[in-house]
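[1] No letters, just coordinates:
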């Protein structure tokens, strides 16, 4: 129970009689001291953290923890029989003896009440005797469920629905991309198309879905055609190289035979020349034919080696083509799967926000709101502690009122 709360309640014959305990002054309260007939001595002073308040013409008086009547008595004792000299309008000095009945002490301002939570203007509010939670919330601008949570629910709802559509388009695109990657480098069939139609379901216009699916099918066809063309090119290069190798090997056999024949002719003519039975021109011609056939055989051998190397390179490219393609497909599929998970998470978040804004719009349209849950955290001077309260619960200076509006938001599942 607060310091200004209910002190006693006696129920008798259906009549409730309430009495309030006297308020005890605390640091932070503002005390006004006035002396009748001496307006210059009127002053307001805030009770300092030590509990003392400044008093004119004397030292500070400690009033914290005292009721107003006890504080007034203590201050009267300090000011009584003090002499105050003042100058009159005619220039003469007048000396007045301050009597106890001349001193008046009042609480000009109480410590503020603090309102926190779902209110329009949280913070400290001026306390007035008899204040209730309802009045404190009213001073704070009333309940405000949207504070710290969202902007205008009607405008934000439109923005969220646009985001929702965009996210669904991204979601369908990623689904189609994953479908395309899984079916890439494979023959097309009707079951694949049916799987795409079943996989890419979304709350989007039919024309948009058909366009996205058609684009995925086109990309799949282009990727497969590119793969087939590249594979056919490399396979053709291998076959061409094989044909050239066969031809070069046959040529090399003939070249080797020509070299052997020319070598034998040259050696025979060389013997005749050494005996003087053959002119030198004939020997030179035989030597030229021998060198030509040897050179041609050597060139054929070199060309054969190069062609074999080119064929082996083409074979390795054919083998690597499928491996590289599968590696790239796996990497792209993994990346698309991660992105799909991120978009799915964003979709869930936006769906919940749309539902939440729908609830707020409904409440605003009905003119109603959520049910407030109120707690009062009492100041230490008021006994401390926390209590659940209603809008009619009285509050005391220094108390903190926590307000939370509970709104049920249904969970959205995809």
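    Here it is on my side, so go on. The structure displayed is predicted, hence computed values, not measured ones.
[2] Please confirm that residue 106 is located within a strand.
    Yes - assessed by DSSP: H, G, I helix; E, B strand; the rest coil, residue 106 belongs to a strand.
[3] how about the nearest residue to residue 384, chain neighbours excluded?
    Nearest residue to residue 384 in three dimensions, chain neighbours excluded: residue 378, at 5.5 Å (Cβ to Cβ, 6 or more residues apart in numbering). (Each C-beta comes from the backbone N, C-alpha and C, glycine too.)
[4] Now do the same contact list for the one you found.
    Residue 378 makes contact with 2, 384, 385, 386, 387, 396, 398, 399, according to Cβ atoms under 8 Å, 6 or more residues apart in numbering.
[5] and with 6 Å instead?
    384, 385, 399 (Cβ atoms under 6 Å, 6 or more residues apart in numbering).
[6] now those residues: which count as buried?
    residue 399 (16 or more other Cβ atoms under 10 Å).
[7] In CSV: the contacts of residue 378, plus secondary structure and distance to residue 23.
    Shown next, in CSV, are the contacts of residue 378 (DSSP: H, G, I helix; E, B strand; the rest coil; distance: Cβ to Cβ, whole Å):
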residue, secondary structure, distance to residue 23
384, coil, 17
385, coil, 18
399, coil, 13
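[8] any chance of the contacts of residue 378 in CSV, plus pLDDT and distance to residue 344?
    Formatted as CSV, the contacts of residue 378 follow (pLDDT from 0 to 100; distance: Cβ to Cβ, whole Å):
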residue, pLDDT, distance to residue 344
384, 82, 49
385, 88, 47
399, 91, 47
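[9] Would you format the contacts of residue 378 as JSON lines with distance to residue 206 included?
    As requested, the contacts of residue 378 are arranged in JSON lines below (distance: Cβ to Cβ, whole Å):
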{"residue": "384", "distance to residue 206": "65"}
{"residue": "385", "distance to residue 206": "63"}
{"residue": "399", "distance to residue 206": "61"}
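[10] Closest to residue 216 out of the contacts of residue 378?
    Nearest to residue 216 among the contacts of residue 378 is residue 399, at 64.0 Å by Cβ to Cβ.
[11] give me phi/psi at that closest one?
    phi -70, psi 160 (degrees, to the nearest 10).
[12] do residue 184 as well
    Dihedral angles (degrees, to the nearest 10) for residue 184: phi -70, psi 150.
[13] cool, and residue 117?
    Torsion angles, degrees, to the nearest 10, at residue 117: phi 110, psi -140.
[14] Next, the residue lying closest to it once chain neighbours are set aside: secondary structure please.
    Setting aside the residues directly before and after it, residue 117 is nearest to residue 403 in space (Cβ to Cβ, 6+ apart), at 3.7 Å. Assigned by three-state DSSP, the conformation of residue 403 is strand.
[15] what sits against residue 403?
    117, 118, 119, 372, 374.
[16] Give me the most central residue, the protein.
    residue 346 (9.5 Å; Cα atoms, centre = their mean).
[17] Now do the SS call for that one.
    Under three-state DSSP, residue 346 comes out as helix.
[18] Verify the contact between it and residue 167 for me.
    Yes - in terms of Cβ atoms under 6 Å, residue 346 counts as a neighbour of residue 167; the distance is 5.5 Å.
[19] Need the pLDDT of the spatially closest residue to residue 38 that is not a sequence neighbour.
    Nearest residue to residue 38 in three dimensions, chain neighbours excluded: residue 84, at 5.8 Å (Cβ to Cβ, 6+ apart). You'll see residue 84 listed with a pLDDT of 77.
[20] same deal with residue 339?
    pLDDT, residue 339: 91.
[21] check contacts around it.
    Applying Cβ under 6 Å, 6+ apart, the residues near residue 339 are residue 174.
[22] What's the first helix or strand after the host helix or strand of it?
    Following DSSP states H and E, one finds residue 339 within helix 280-366. Proceeding N to C from helix 280-366, the next assigned helix or strand is strand 371-377, under DSSP H and E.
[23] Any regions of this structure where pLDDT drops low?
    1-20, 91, 145-158, 187-193, 198-199, 278, 356-371, 406-414 (pLDDT under 70).
[24] hey, which strand is longest across it?
    Ranked by residue count, the top strand of the chain under DSSP state E comes out as strand 38-46.
[25] can you list the residues that contact it?
    30, 31, 32, 33, 34, 35, 53, 54, 56, 84, 108.
[26] how about those residues, which pair is most distant?
    Most distant of those, by Cβ to Cβ, are 30 and 84, 23.1 Å apart.
[27] In terms of neighbours, single out the busier of the two.
    Each of residue 30 and residue 84 had its neighbours counted (other Cβ atoms under 10 Å), and the higher figure belongs to residue 84 (18 against 15).
[28] Helix or strand: which one has the more buried one?
    Short version, using DSSP H and E: residue 84 is in strand 83-87.
[29] Report the angle between that strand and strand 38-46.
    Calculated by axes from the mean of the first three to the mean of the last three Cα atoms, to 10 degrees, strand 83-87 forms an angle of 120 degrees with strand 38-46.
[30] Residue ranges of each domain in this protein, please.
    24-109, 153-351 (automatic domain parsing).
[31] Can you redo these as a markdown table, where the extra columns are distance to residue 392?
    Output for these, formatted as a markdown table (distance: least, Cβ to Cβ, whole Å):
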| stretch | distance to residue 392 |
| --- | --- |
| domain 24-109 | 24 |
| domain 153-351 | 30 |
